[in-house]
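need coordinates for the following:
(chains A and B)
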Protein chains: 2
Amino acid sequence: MNFNELSKKRVSCRAYDSTKEVLKADLIEILKLATYAPSACNSQPWKFIACDNEVAKKIPQLIIREDLKINHWTVDVPCFVVVCETKVTLMKSLNEASQQKYAQMDIGSAMTSLCLAACDKGISSCIIGVFDEPKLKELLCIPDDVVIRAVIALGYAKNDNTANKIRKPDEEAFSFNKW
Amino acid sequence: MNFNELSKKRVSCRAYDSTKEVLKADLIEILKLATYAPSACNSQPWKFIACDNEVAKKIPQLIIREDLKINHWTVDVPCFVVVCETKVTLMKSLNEASQQKYAQMDIGSAMTSLCLAACDKGISSCIIGVFDEPKLKELLCIPDDVVIRAVIALGYAKNDNTANKIRKPDEEAFSFNKW
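Coordinates of the predicted model:
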């Protein structure tokens, strides 16, 4: 699949086949490709914790928000990747621009690479931005100084997972030589 | 090129052939594919301003840092994409997690998609995180409430642009079922 097809095929999937696991070999390749993403000064401010089997079963309760009626579909997800931001040191000139959260941009970069790598193998994904961070850290023995930025659901889609991507008009998304 | 090859081929290029322009048709396709990146609540908090020809020639002076001796190679870059973060409204549950800069993660996501889309066409790229934001905003008539997050150099590599990507050991980058 070329990148044009791949980037259009990757959609956020919220209905998984709970009977179909993600093979460990596929998972390792997906994680490795995520690490090829670019990062500020090649700082690689990430660690991915892949959770499957019994550990994966404990994660939905830390993601489902009854009050908001969201994320109930995660009970069918066979594998989660918990995306952690680790402390890194950047060159001085980057630290000057304090408003820029380079590490968070880098995390976004790696997460997208991870989801594209999964999609290339027919594995669906969804990046989840709401979770019980203290309990997730406890469950996975994550050090205090590490921040969890997202949890990615991985698995096989229950249904045909082709959706039309709704995107804002091109003229709002890009322009040439001025705003 | 499949995603495995593509993600390994994409490297940050810092030596461009100044005589070879990026075709407008390629540029448009690259920008469109960047917009297929995932974003929190599909908020798409981005606008890309592609700069070529006379405008591109004015950008190196806003990126080169004589004091740090960096980015002099940008004088040979035929095209820049200025990546802007736009104001968006997210669902309430995401706003709660104030520490998370969803928009910056989304920008990182879209920038990586952009660089991969370029690489798939044989076009090299480099994400630049240091720039004179006020002057760039003035040059491109960017509104006050918009933040520039990065400038991406695009063009054809002067030399064979295959580099070994230096990455931290796998055991620091990912693990299974616990930290």
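
pLDDT below threshold where in chain A?
The model of chain A has pLDDT under 70 over residues A:92-99, A:161-163.

longest helix in it, please.
Ranked by residue count under DSSP state H, the longest helix found in chain A is helix A:102-120.

packing partners for that one?
Counting by 3 or more Cβ pairs under 8 Å, 6 or more residues apart in numbering or on different chains; DSSP states H and E, the packing neighbours recorded for helix A:102-120 are helix A:3-9, helix A:24-34, strand A:46-52, strand A:79-85, strand A:124-128, strand A:147-155, helix B:3-9, helix B:102-120. For glycine as for every other residue, the C-beta is placed from the backbone atoms N, C-alpha and C.

again, only using 6 Å
Where contact means 3 or more Cβ pairs under 6 Å, 6 or more residues apart in numbering or on different chains; DSSP states H and E, helix A:102-120 is packed against helix A:3-9, helix A:24-34, strand A:79-85, strand A:124-128, helix B:3-9, helix B:102-120.

next, the angle from the fourth one to helix A:24-34.
Using axes from the mean of the first three to the mean of the last three Cα atoms, to 10 degrees, the inter-axis angle of strand A:124-128 relative to helix A:24-34 is 60 degrees.

next one: strand A:124-128 to chain centre, how far?
Taking Cα atoms, centre = their mean, to the nearest Å, one finds the center of strand A:124-128 at 6 Å from the center of the full chain.

contacts for it next, please.
Here strand A:124-128 makes contact (Cβ atoms under 6 Å, 6 or more residues apart in numbering or on different chains) with A:12-14, A:63, A:111, A:115, A:118, A:150-154, A:157, A:161, B:38.

after that strand, next one along is what?
Per DSSP states H and E, the first helix or strand lying C-terminal to strand A:124-128 is helix A:133-140.

how about that next one: buried residues?
Using 16 or more other Cβ atoms under 10 Å in any protein chain shown as the test for burial, helix A:133-140 gives A:133, A:136-137, A:139-140.

contacts for it?
Contacts of helix A:133-140 (Cβ under 6 Å, 6+ apart): A:49, A:62, A:148, B:178-179.

A:Ile49: neighbour count?
As a burial measure, A:Ile49 scores 24 neighbours (other Cβ atoms under 10 Å in any protein chain shown).

bridging residues for it?
Going by DSSP bridges, A:Ile49 is paired in beta bridges with A:Val82, B:Ser175.

wait, what's in contact with it?
A:82, A:140, B:175.

kindly report the same for A:Thr112.
By Cβ under 6 Å, 6+ apart, the residues touching A:Thr112 are B:37, B:109, B:112.

what's the closest of the helices and strands packed on helix A:102-120 to B:Ile28?
Closest of those to B:Ile28 is helix B:102-120, at 10.8 Å (criterion: Cβ to Cβ).

angle of that closest one against strand B:46-52?
40 degrees.

now helix B:102-120 against strand A:147-155, angle please.
If you take the same axes, to 10 degrees, helix B:102-120 sits at 60 degrees to strand A:147-155.

give the bridge partners for A:Arg65, please.
Counting by DSSP bridges, A:Arg65 is bridged to A:Ile70.

what is the burial count for it?
Using other Cβ under 10 Å, A:Arg65 has 13 neighbouring residues.

what does A:Glu66 give?
Neighbour count of A:Glu66, defined by other Cβ under 10 Å: 8.

related to what we said a few turns ago, out of the helices and strands packed on helix A:102-120, which is closest to B:Leu27?
With Cβ to Cβ as the criterion, B:Leu27 lies closest to helix B:102-120 of the helices and strands packed on helix A:102-120, at 8.9 Å.
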